[in-house]
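Asks: no letters, just coordinates:
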């Protein structure tokens, strides 16, 4: 494990957002969803692709709050431009579980 300092941590901009739309990513190399995430007035709606099909359904994602890294460069994934990185943890079966919050927060709230 490489240690980082406080300045390194402050460079990472992690915000909470609410998934407003989700659909199956047809044509993706690995099963994935396309997500539209409301990150508040400052950042607006951003898109992301997430390989989370093992633990989530499209219908179950809408309204879920997720933690996103918003200051990575955009990434072209097939015909879809991913604008933020949705974060998660690997479960006991090797599948991703989204990083979220217990209490609803305003969209765009920053992790400190």
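Replies: Received the coordinates, thanks. Remember, predicted model here, so these are calculated numbers, not experimental data.
Asks: correct me if wrong: residue 38 contacts residue 109.
Replies: No - the pair residue 38 / residue 109 is not scored as a contact, 11.9 Å apart, by Cβ atoms under 8 Å. (Each C-beta comes from the backbone N, C-alpha and C, glycine too.)
Asks: could you give the mean pLDDT of stretch 40-53?
Replies: The predicted model assigns stretch 40-53 a mean pLDDT of 97.
Asks: what about it, how long is it end to end?
Replies: 26 Å (Cα to Cα, to the nearest Å).
Asks: what does stretch 33-42 give?
Replies: Counting by Cα to Cα, you get 25 Å between the two ends of stretch 33-42.
Asks: go on, stretch 38-50?
Replies: Stretch 38-50 end-to-end distance (Cα to Cα) = 16 Å.
Asks: what's the answer for stretch 24-43, then?
Replies: This stretch, stretch 24-43, spans 24 Å end to end (Cα to Cα).
Asks: for residue 35, which non-adjacent residue is closest in space?
Replies: residue 48 (4.8 Å; Cβ to Cβ, 6 or more residues apart in numbering).
Asks: from residue 22, how far off is the one you found?
Replies: Distance from residue 48 to residue 22, counting by Cβ to Cβ, to the nearest Å: 10 Å.
Asks: overlap in contacts, the two.
Replies: Residues touching both residue 48 and residue 22 (Cβ atoms under 8 Å, 6 or more residues apart in numbering) are 34, 35.
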